[in-house]
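[1] No letters, just coordinates:
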């Protein structure tokens, strides 16, 4: 089950919607059951025990509250022809009287986004285990947004775009530091410790204000090496040590990033961008101007080494 593959059309990945973590995991679990050969009116059947295990809910009553509210959630998609679609994730959700299973029906307007994607390849895919232990809807959402561009190695969004995609209410987190602490940092730490991605981000400013975020994305080499205890949502001691190590290294990487950004803040913007670009070869910095006395090349997997800390003035 945890290895089940989820495929989302990229228009759905980039759609506007909001929900909680339980609802996001329900949607993901249903989508993991979709096959290219499915009939448009197929009902997707999931056992109650399976749903409780994935969502972490304690009982069917709590699950029913989550699905009832899920039916009210609106998904907004800008179509290729410019039309604007508003729909729900499910038309109906039906519980069997013996509480053995739950039946989900996907709206007809959404079926092309889940069935036809196998033909054109315009979709993002990941395994269910990547989001099972994420404790924030925003972590799940940012994971999906970054996963779409994992082959490119980066994506860039304005702060307002991110808030819109995650349907954060207007006026919420008016100060960037609050948005960073409550949304970005929580997501970064969770994603890096619990998924197949490692993400970092750069704050882009207009004047003195942070107006955009550039995410740098790479594969997490430690993902899958430690077994997670899914039933309780906790991790084993071995997995915890691995996660703690990832977080310690990640914090240093983020500090290193800020240090280098400050070091070259007075340089030409184009040159600075070259220096701060995270390449496909895992280079954190790459010198492209002969005027610098020596090349500073920092590999992501070595950024915690003593030599690099001294080189970058972190010691």
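    Yes, it's here. Just so you know, these numbers come straight off a predicted model, no measurement behind them. Residues are numbered from 1 along each chain as shown.
[2] Would you map the strands across this structure?
    In the chain, the segments counted as strands under DSSP state E are 5-9, 43-47, 75-78, 84-87, 92-95, 101-105, 123-127, 154-158, 197-206, 209-219, 228-229, 234-235.
[3] Excluding its own residues, what touches the second one? List them.
    Put plainly, it is strand 43-47. Residues from elsewhere that reach strand 43-47 (CB atoms under 8 Å, 6 or more residues apart in numbering): 29-30, 33-34, 94, 100-106. (Each C-beta comes from the backbone N, C-alpha and C, glycine too.)
[4] low-scoring stretches of the chain, by residue?
    Scanning the chain for pLDDT under 70 picks out 1-2, 118-119, 226-315.
[5] domain assignment for it?
    Domain ranges of the chain: 1-132, 137-315, per automatic domain parsing.
[6] right, and residue 77 touches residue 8 too?
    No: contact between residue 77 and residue 8 fails when scored by CB atoms under 8 Å: they sit 11.5 Å apart.
[7] Between those two, which is the more surrounded one?
    residue 8 (23 against 20; other CB atoms under 10 Å).
[8] Residue 67 against residue 27, yeah?
    No: between residue 67 and residue 27 there is no contact under CB under 8 Å: 10.4 Å.
[9] circling back to that earlier point, just put the strands of the chain in JSON lines and tack on distance to residue 146.
    Formatted as JSON lines, the strands of the chain follow (distance: least, CB to CB, whole Å):
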{"stretch": "strand 5-9", "distance to residue 146": "13"}
{"stretch": "strand 43-47", "distance to residue 146": "27"}
{"stretch": "strand 75-78", "distance to residue 146": "20"}
{"stretch": "strand 84-87", "distance to residue 146": "24"}
{"stretch": "strand 92-95", "distance to residue 146": "29"}
{"stretch": "strand 101-105", "distance to residue 146": "27"}
{"stretch": "strand 123-127", "distance to residue 146": "10"}
{"stretch": "strand 154-158", "distance to residue 146": "6"}
{"stretch": "strand 197-206", "distance to residue 146": "5"}
{"stretch": "strand 209-219", "distance to residue 146": "5"}
{"stretch": "strand 228-229", "distance to residue 146": "20"}
{"stretch": "strand 234-235", "distance to residue 146": "22"}
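[10] Nearest approach to residue 147 belongs to which of those?
    Residue 147 lies closest, by CB to CB, to one member of the strands of the chain: strand 123-127, at 5.4 Å.
[11] Kindly list the main-chain dihedrals of residue 59?
    Dihedral pair for residue 59: phi -160, psi 170, per degrees, to the nearest 10.
[12] and it, what does it touch?
    residue 52.
[13] Please apply the same query to residue 204.
    Contacts for residue 204 (CB under 8 Å, 6+ apart) come out as 156, 210-214.
[14] Recalculate using a threshold of 10 Å.
    The contact partners of residue 204, taken as CB atoms under 10 Å, 6 or more residues apart in numbering, are 156-159, 210-214.
[15] I am finished for the moment; much appreciated.
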